[in-house]
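# Let me see the structure of the following:
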Amino acid sequence: MSIVEHVVLFKGKDDTDQAKIIAMVNGLNGLVSLDPVLHITAGPVLLTRSPIYNFTHMLHSRYKSKEDLNTDPARLSPPPSSAIKLTFLKLKDNVSNDVQGEILGVIKGIKEGISGIQQITCGENFSPARAKGFSLASIAVFAGVEEMEAAEGNEEFVNLQKQKVRDYLDGVIVVDYAVPSSSSSSL
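Numbering: from 1, shown residues only. Below is the predicted model:
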């Protein structure tokens, strides 16, 4: 069974009225009432690990299919107070489909080598024109921020996985996000 992950990263302007940003985030979280939405959460980014991009907010939602852009929503929704590590990969030109498959296999295998990951999903970006060349993505869900930070302590394993794919990459964006404890996204 597959799900569609939908992620939108935002950069709020420094001079934007905070009340407008809060209203935007509340409006996005209110979309949970729509039938095709299995999970939705929007809010400030915990940390952006990219020197090129400095995102301030993130929207993450899950759907059964692209057409729904529906499985058991309780199982698919990251629980309140969990943490999400979102990674976007920009591949070098002429990387074959076979190599893309290998990269996705490495990503899926990360769950076996890093304790604390509760869920991991990965796949191709189906709207590459808007993604500035970042064609693959993964989402790892942890019980909380502490567990996500502890997983980073397994540097040897993480570096080994990075080494397997590094030669095929032109860029990486990593964003950490804390799911609100009183998330309106739970169904």
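
# Pull the distance from stretch 38-58 to the chain's centre.
Its chain's C-alpha centre and that of stretch 38-58 lie 9 Å apart, by Cα atoms, centre = their mean, to the nearest Å.

# List the buried residues for stretch 97-108?
Neighbour counts over stretch 97-108 (16 or more other Cβ atoms under 10 Å) mark 100, 103-104, 106-107 as buried. Yep, even glycine has a C-beta here, placed from its N, CA and C like the rest.

# Would you map the strands across this protein?
Ranges of strands in the chain, per DSSP state E, are 4-10, 39-44, 47-48, 57-63, 83-91, 117-124, 134-142, 169-178.

# Residue 126 and residue 22, how far apart?
According to Cβ to Cβ, to the nearest Å, residue 126 and residue 22 sit 30 Å apart.

# next one: residue 145
For residue 145, the distance to residue 22 - Cβ to Cβ - is 21 Å.

# Ok, residue 56 next?
13 Å.

# which of the two has more neighbours?
A direct count of neighbours by other Cβ atoms under 10 Å for residue 56 and residue 22 places residue 56 higher, at 15 against 11.

# who touches that one in this structure?
10-12, 44-45 (Cβ atoms under 8 Å, 6 or more residues apart in numbering).

# Over to residue 55?
9-11, 45, 48, 175.

# 10 Å instead?
Contact partners of residue 55, counting by Cβ atoms under 10 Å, 6 or more residues apart in numbering, are 8-12, 44-45, 47-48, 86, 173, 175, 177.

# Let's see if you can find the most crowded of these.
residue 177 (29 neighbours).

# quick one: contacts for it?
Residue 177 touches 7, 9, 41-48, 55, 57-60, 78, 82-86, 139, 145, 148, counting by Cβ under 10 Å, 6+ apart.

# how about a cut-off of 7 Å?
45-46, 58, 60, 83-84, 86 (Cβ atoms under 7 Å, 6 or more residues apart in numbering).

# go on, residue 86?
Here residue 86 is in contact with 7, 139, 175, 177 (Cβ under 7 Å, 6+ apart).

# which residues does it form a beta bridge with?
The residues listed as beta-bridge partners of residue 86 by DSSP bridges are residue 139, residue 175.
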